[in-house]
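Chemist: Need a 3D model of the following:
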Amino acid sequence: MPEKIRIGLIGCGDIARYHVSGFRELAEKGLGDYEIVATCDVMKERAKRLASEVKQFQKRIRPEVYTGFQNMLKNEDIQALDICTDHRTHHLIAVPCLEADKHVMVEKPLGITMRAGRRMIDAAESRRKALAVAEDQRFHLLNRASKWAIEQGYIGGVQMIFQIGVGGSPNFGRDAIIVGTPWRHKKLEAGAGTVLDNGCHDVDEFRYLNGEVKEAMGFIETFEKTRVQRDDRAKIVQRVKTTDEDAGFAILKFEDGSVANWSPAYWAGHGEPSSCRWIYGTKGCLKGESMMLDDGRREDVTRLYLLNADEEEREKSFPKGITNTFALKIHDFLQAILEHRRPKVDGWEGLRDEAVCYAVIESSGLGRPVKVKDVLEGVVEDYQKEINESLGLS
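Modeler: The predicted structure follows:
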């Protein structure tokens, strides 16, 4: 293997620019075991713009620009690809890349449906290539500190989790097209709405902090039937009819018997945003950054972690003091390639996250609790059937 992993970026929209910020920080901190050698987007100007941003910190080489990923795959120097496209195309791009013997990182969620995700995993395993999901919540300092505090026994055994998120802002909530991406509001292009798109972040936190979810009872709703885009003068310039949900409400039962009350309503709500994450154990609770114990002790959990966690553990979790979650998840992907191991959030982790999200959605349609195992194994896929048929995923 060459000294540096040679990487191509596919999809050069806003989220890809966050990925590039992660690559930039790795380079600045002396962890640049990579070279970005290509950018690809159906809009050539976006690919050129991203290539220029890369060139600002990657002085030795300017990425080659492509408008089709098939042509990019002809570049035999490329070893790994970072895919930042819409949900519907994840497996359509990732599978050919894996079959071309490239390592792949793909933006969350893993696939538009469970079947799409399995196609990606099967391709990665058959070629023995790393498949990572760009899920960054378990790399977040607060989440690492919270997990450490739970492992140290500060709050005792976890009993209950309450997590609520309401959009309520001009860009997330109300009647706005979410971050200027109309496809997010169309079932056949996005798979599902906020329960999958944002919810997979929450679920990855739940599973990281508290283990596997066994069963879900959920209800989804579309409060805003039409989404709009406004110009600088608040004039409506685009309308989209919504065919997926903008809010979800669920009860999750974990394998250990604990329960989560989860309300991912990130795309709904007027006025102002609201959010909370409370974790209650047998000896105390975690509310965001704060830890309150039954004996009256109060601590900032992140401060407690930084002061008391093993130095080697902290360096392993946050190499060179990096806390940028995009940089950390990219670093893990690169290290997985170099060390011939699975990424921390590999295809199976991403699929398990997605299974919980779809268990909530399937439960809403069926009007009964749904076991996550049944979604993971394809026993329950009523909601996903239409999407799978549109893609020929049988």
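Chemist: next SSE after whichever helix or strand Glu315 is part of?
Modeler: If you go by DSSP states H and E, Glu315 is part of helix 311-317. Heading C-terminal from helix 311-317, the first helix or strand you meet, by DSSP H and E, is helix 325-339.
Chemist: May I see the buried residues of the helix holding Glu315?
Modeler: Buried residues in helix 311-317, counted by 16 or more other C-beta atoms under 10 Å: 314, 317. Using the backbone N, CA and C atoms, a C-beta is placed for each residue, glycine as well.
Chemist: Likewise for stretch 204-217?
Modeler: Of the residues in stretch 204-217, those buried (16+ other C-beta under 10 Å) are 204-210, 213-217.
Chemist: In strands only, show me those residues.
Modeler: Taking DSSP state E as the definition of strands, the buried residues of stretch 204-217 contribute 213-217.
Chemist: Tabulate the buried residues of stretch 204-217 (JSON lines), appending pLDDT and distance to Arg342.
Modeler: Formatted as JSON lines, the buried residues of stretch 204-217 follow (pLDDT from 0 to 100; distance: C-beta to C-beta, whole Å):
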{"residue": "Asp204", "pLDDT": "98", "distance to Arg342": "15"}
{"residue": "Glu205", "pLDDT": "98", "distance to Arg342": "20"}
{"residue": "Phe206", "pLDDT": "98", "distance to Arg342": "20"}
{"residue": "Arg207", "pLDDT": "98", "distance to Arg342": "16"}
{"residue": "Tyr208", "pLDDT": "98", "distance to Arg342": "15"}
{"residue": "Leu209", "pLDDT": "98", "distance to Arg342": "20"}
{"residue": "Asn210", "pLDDT": "98", "distance to Arg342": "21"}
{"residue": "Val213", "pLDDT": "98", "distance to Arg342": "21"}
{"residue": "Lys214", "pLDDT": "98", "distance to Arg342": "24"}
{"residue": "Glu215", "pLDDT": "98", "distance to Arg342": "27"}
{"residue": "Ala216", "pLDDT": "98", "distance to Arg342": "26"}
{"residue": "Met217", "pLDDT": "98", "distance to Arg342": "32"}
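Chemist: now for those residues, which pair is the farthest apart?
Modeler: Tyr208 and Met217 (22.1 Å; C-beta to C-beta).
Chemist: wouldn't Leu209 be in contact with Glu151 here?
Modeler: No: between Leu209 and Glu151 there is no contact under C-beta atoms under 8 Å: 9.7 Å.
Chemist: host element of Gln238?
Modeler: strand 236-241.
Chemist: Outside of the helix holding Glu315 itself, list whatever touches it.
Modeler: 139, 144, 148, 305-306 (C-beta atoms under 8 Å, 6 or more residues apart in numbering).
Chemist: follow-up on the earlier one: export the buried residues of stretch 204-217 to CSV and tack on distance to Glu311?
Modeler: As requested, the buried residues of stretch 204-217 are exported to CSV (distance: C-beta to C-beta, whole Å):
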residue, distance to Glu311
Asp204, 26
Glu205, 25
Phe206, 28
Arg207, 27
Tyr208, 22
Leu209, 23
Asn210, 26
Val213, 33
Lys214, 36
Glu215, 40
Ala216, 39
Met217, 43
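Chemist: Could you point out which of the residues you listed is nearest to Cys84?
Modeler: Of the buried residues of stretch 204-217, the one sitting nearest to Cys84 (C-beta to C-beta) turns out to be Asp204, at 17.8 Å.
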